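Novice: coordinates for the following, if possible.
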Amino acid sequence: MQRAILLILLGTILGAGTAAWYLHGPDNLSELRAARIEAANSLLSQIESGEIAAVLPELLLSSRNTGDRAMLVLVAARADAATLRSLIRDAAELADGASRQFSLQILMGRYAEIDPYDAIDLVHELSLDNNLLATIYAVWADSDARSALRSLQTISDADQARAVALSILKVLGGDHAAVETVARSLPGVLDPVRFELDVIEMRAKEAPQFAFDDALAITDEATRARALMRIAPVWARQNPIEALAAGTLLDDWDKRWRFQGRVVRDWAREDPDAVMQYFAGLGEPTKQEIAIVNQAYDLLAAHDPAGLLQLAEQLPARERRWAQSAAFRAWAKNDPAGALLAFEQLPAGAQQRQIIHRFAEGFGEADLDAALQWARSLAFGEPGAVGAVLGGLARSDPDRALQYALVIEDKITQAEALQRITMRVVYEGGDPGQVANTILQMQDNDAREKAMEGLTQMWGQQDPESALQWLIAHGEQVDPKHYSQLGMALAHSDPAAAASMINEIPASARGEWIEMVARGYASTDPSGALQWVSRFEGEPAYEKALAAAAQHAAQQDPQAVLALVGTMQDPANAASVASAAVRALSRQDPAAAASWAQSQTDEHVRAAAVAVVARQWAAQDSAAAALWILDMAPNPLRDDALTALLAARNESSIPDRSLLNAFTSDTARQQAVLFVLLRVNANDPAAARRLLDDYIRDPTLRRRAEQALSENRYR
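Specialist: Predicted coordinates:
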């Protein structure tokens, strides 16, 4: 550390000298140097004589000065543990943020060499930030990596563990071997997937191509996609063209679109002119290239709407409208009069209609009164124009936009306006609670509930936890159905948080909350959802929640879910769960699924299960499925199974007449023939006509069949 301190000191002093040369010129440099040397000699004398405490306050308070910073480094190198502890406490009290941070970094780094354990305790005692903790561990790992890694395992805060793990990784070299070493020491509080993503992002800053290769090697699809999204903005800042080229290597179009779109958006934020030059240079861009740049239209338009309009001219008609819409919105925001003149010169009809709402948004941001007057003057009141104007205003003044929306008399126009205002507030960083408070004051019940439903859906997608807190704060004032929407959204993103909030939900919303949380919870953790639902056995909501969770759990363990069917009292819930489980079991063992289905004593469960097995088995082996069905006793249950079998057939030939003749009900047979009629007609119209004539006699069904054949579609 002594060598490192001296190197830091040398670099700092050289930097100070260079800065002085430019600031003061060569004539004053010698005087400045002499003054610095004299001050340094004085401080060094005090340090050498043991009077460190006397120089510390001055160093701390003036540590924004380059020379004094260099002296602080030297003081830290020569101070003992007690002095360092005292100095660290003083530095933590500094009001100046830059001086405080620099001083603490230097002092903590030195103290970590002397006593890393006490340095860590001091960080916690003084409530210092995670960067200082990371500094301590980095110094510690440089001299004793094993001890630093053992200590990492004891950290109970996820953010602290993340910062420390990454700092140790850098010290160990950051290669794959180092990653494995650190990963083995991660505490349980730190998600290993998140750490993997953090490592890839860290590597991308040094070598984005290698980080990209590492991301592609990840086997879990969701994690791989998240890793690519971590790399894209980092690479975009370094070499966006190289990043776009790498994106073409992605086989999946959706992932390519997301990755390259993120690159283009970040590139457009940094250098929009370069983005437009790049795409203008493509000449006739492909559909894929257009889809990528489409994600940056708003950013490009905000910088240069005229340039984007020019770029739009080389695009196909549909894509041209998207670029023009973004350009006109930005133009109207900055120059409403000029944009309006240009807009009115566009050919009337489809071209104006496709641009009008984005134009109205920009107009509303720039001049609300003029924009509203224009929107209301449109022939027959262009649907959504007033709402678009208010949506534009909501970007800068959502409260004013809401007040205008509340006095709109036409309910359709009002609903459109509230929806657009909500979209702007929720998706562009506004305060959805403000919108919710205003909606809650609406007197028209239907309009209020429709607006609140739209808000909770959008808010729940972006931030379900804060949306739920607002609902809880307003208790019974809010319709219970809004809780259920948020419950499922929150359970998708954070099942534990959703499950823990059950006691905060109003009694009127409890049942739907349990059901929808179970549904969302089960989409990511079916077994955990079933365990959570079991807590509510005996409550009215229990069976619906169990059914919702079991739908997902059946995909993992159909036999276990089938065992739950017999515990359910409601036939509809039991039939729903049975259908999901036998569908999954039929893919693995259709004979076992068929045996279970036929063994059920409840007629609702048996009928539902038999029909599902028939469809699934027929898709895999129609001959085996037919043998099973024909072996059943002739009754309505077998008729249902025969109908399911015929509906699941992929063949376009006339089905075996033994199957058609096996029906016990002529009505059921005629209904089943309708399912296969168009498939046969696609291959052999004459055979389809014979099938119709031979089997469909009911006048109503025959008319439907005739119409279906004439239109060549299913009814």
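
Novice: average pLDDT across the helix or strand Asp273 falls within?
Specialist: Assessed by DSSP states H and E, Asp273 sits inside helix 272-280. Mean per-residue pLDDT for helix 272-280: 88.

Novice: next: stretch 308-315.
Specialist: Confidence over stretch 308-315, taken as the mean pLDDT, stands at 85.

Novice: in it, what's buried?
Specialist: Buried residues in stretch 308-315, defined by neighbour count with 16 or more other Cβ atoms under 10 Å: 308-309, 311-312, 314-315. In short, each C-beta sits where N, CA and C put it, glycine included.

Novice: check which element follows the helix holding Asp273 along the chain.
Specialist: Defined by DSSP H and E, the subsequent element after helix 272-280 is helix 287-293.

Novice: contact partners of the helix or strand just after that next one?
Specialist: Per DSSP H and E, helix 287-293 leads on to helix 297-303 as the next helix or strand towards the C-terminus. Residues from elsewhere that reach helix 297-303 (Cβ atoms under 8 Å, 6 or more residues apart in numbering): 265, 268-269, 272-273, 275-276, 293, 307-308, 311, 322-323, 325-327, 329-331.

Novice: let's see 7 Å
Specialist: With Cβ atoms under 7 Å, 6 or more residues apart in numbering as the test, helix 297-303 has contacts from 265, 268-269, 272, 275-276, 308, 322-323, 326-327, 329-330.

Novice: still on that earlier bit, could you export the helix holding Asp273 as CSV, CA atoms only?
Specialist: C-alpha atoms of helix 272-280 as CSV (Å, rounded to 0.1, in the frame of the first residue of the first chain):
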residue,chain,number,x,y,z
PRO,A,272,-28.9,11.9,-32.8
ASP,A,273,-27.2,13.4,-35.9
ALA,A,274,-25.0,10.3,-36.3
VAL,A,275,-28.0,8.0,-36.0
MET,A,276,-29.8,9.9,-38.8
GLN,A,277,-26.7,9.9,-41.0
TYR,A,278,-26.2,6.2,-40.4
PHE,A,279,-29.8,5.3,-41.5
ALA,A,280,-29.8,7.8,-44.3
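
Novice: what's it packed up against?
Specialist: helix 253-270, helix 297-303, helix 305-312 (3 or more Cβ pairs under 7 Å, 6 or more residues apart in numbering; DSSP states H and E).

Novice: and the angle for that helix with helix 253-270?
Specialist: 140 degrees (axes from the mean of the first three to the mean of the last three Cα atoms, to 10 degrees).

Novice: for the chain, which residue occupies the most central location?
Specialist: Gln462 (8.1 Å; Cα atoms, centre = their mean).

Novice: contacting residues for it?
Specialist: So Gln462 contacts 426-427 (Cβ under 7 Å, 6+ apart).

Novice: re earlier: of the buried residues of stretch 308-315, closest to Arg424?
Specialist: The closest of the buried residues of stretch 308-315 to Arg424 turns out to be Leu308 (Cβ to Cβ; 21.0 Å).

Novice: what pLDDT does Leu7 get?
Specialist: In the predicted model, Leu7 carries a pLDDT score of 37.

Novice: er, Leu56 actually
Specialist: pLDDT at Leu56 comes out at 55.

Novice: do the same with the one 10 residues further on
Specialist: According to the prediction, Thr66 has pLDDT 57.

Novice: what's the answer for Asn712, then?
Specialist: pLDDT for Asn712: 59.

Novice: going forward, count from 32.
Specialist: With 32 as the first residue, the last one maps to Asn743.

Novice: now Ala640. Nearest residue, chain neighbours left out?
Specialist: Sequence neighbours aside, Ala628 is the residue nearest to Ala640 in space, at 3.6 Å (criterion: Cβ to Cβ, 6 or more residues apart in numbering).

Novice: okay, now the unreliable bits of the stretch 582-731 of the chain?
Specialist: Counting by pLDDT under 70, the stretch 582-731 of the chain has low-confidence residues at 680-684.

Novice: all helices of the stretch 482-631 of the chain, in order?
Specialist: For the stretch 482-631 of the chain, the helices defined by DSSP state H, counting those that start in this stretch cover 495-505, 512-524, 526-531, 538-555, 557-564, 573-587, 589-596, 602-619, 621-630.

Novice: so can I have TSV of these showing distance to Leu399?
Specialist: Below are the helices of the stretch 482-631 of the chain laid out as TSV (distance: least, Cβ to Cβ, whole Å):
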stretch	distance to Leu399
helix 495-505	27
helix 512-524	30
helix 526-531	40
helix 538-555	38
helix 557-564	48
helix 573-587	46
helix 589-596	57
helix 602-619	51
helix 621-630	63
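
Novice: so which of the ones you listed gets nearest Glu392?
Specialist: Evaluated over these, closeness to Glu392 peaks at helix 495-505, with 24.4 Å, by Cβ to Cβ.

Novice: mind listing what's buried along the helix or strand Ala678 falls within?
Specialist: Assigned by DSSP H and E, Ala678 belongs to helix 667-679. Neighbour counts using 16+ other Cβ under 10 Å place 668-679 of helix 667-679 among the buried residues.

Novice: kindly report the same for stretch 288-305.
Specialist: The neighbour-count check on stretch 288-305 (16+ other Cβ under 10 Å) flags 288-300, 302-303 as buried.

Novice: ok, now stretch 217-237?
Specialist: For stretch 217-237, the neighbour count (16+ other Cβ under 10 Å) marks 217-218, 221, 226-235 as buried.

Novice: neighbouring contacts of that stretch?
Specialist: With Cβ under 7 Å, 6+ apart, stretch 217-237 has contacts from 183-189, 192-193, 196-197, 200, 205, 210, 214, 241-242, 245-246, 254, 257-258, 261-262, 265-266.

Novice: please export the C-alpha coordinates of that stretch as PDB.
Specialist: Extracted C-alpha coordinates of stretch 217-237, given in PDB (Å, rounded to 0.1, in the frame of the first residue of the first chain):
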ATOM      1  CA  LEU A 217     -21.900 -15.200  -2.500                       C
ATOM      2  CA  PRO A 218     -24.200 -14.800   0.500                       C
ATOM      3  CA  GLY A 219     -27.700 -16.200   0.300                       C
ATOM      4  CA  VAL A 220     -29.200 -12.700   0.200                       C
ATOM      5  CA  LEU A 221     -27.600 -12.000  -3.200                       C
ATOM      6  CA  ASP A 222     -29.400 -13.400  -6.200                       C
ATOM      7  CA  PRO A 223     -26.800 -15.300  -8.200                       C
ATOM      8  CA  VAL A 224     -28.600 -14.400 -11.500                       C
ATOM      9  CA  ARG A 225     -28.400 -10.700 -10.700                       C
ATOM     10  CA  PHE A 226     -24.700 -11.100  -9.900                       C
ATOM     11  CA  GLU A 227     -24.200 -12.900 -13.200                       C
ATOM     12  CA  LEU A 228     -25.800 -10.000 -15.000                       C
ATOM     13  CA  ASP A 229     -23.800  -7.400 -13.000                       C
ATOM     14  CA  VAL A 230     -20.600  -9.200 -14.100                       C
ATOM     15  CA  ILE A 231     -21.600  -9.200 -17.700                       C
ATOM     16  CA  GLU A 232     -22.300  -5.500 -17.500                       C
ATOM     17  CA  MET A 233     -19.000  -4.800 -15.800                       C
ATOM     18  CA  ARG A 234     -17.200  -6.900 -18.500                       C
ATOM     19  CA  ALA A 235     -19.000  -5.000 -21.200                       C
ATOM     20  CA  LYS A 236     -17.400  -1.700 -20.100                       C
ATOM     21  CA  GLU A 237     -14.000  -3.200 -20.800                       C
END
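
Novice: beyond the helix or strand in which Ala235 is found, next helix or strand please.
Specialist: Assessed by DSSP H and E, Ala235 sits inside helix 223-237. Using DSSP H and E, the helix or strand that directly follows helix 223-237 along the chain is helix 239-247.

Novice: after that following helix, which helix or strand is next?
Specialist: helix 252-269.

Novice: in that next one, which residues are buried?
Specialist: 254-268.

Novice: hmm, who's touching stretch 516-524?
Specialist: By Cβ under 7 Å, 6+ apart, stretch 516-524 touches 487-488, 491-492, 495-496, 498-499, 502, 528-529, 544, 547-548, 550-552, 554-555.
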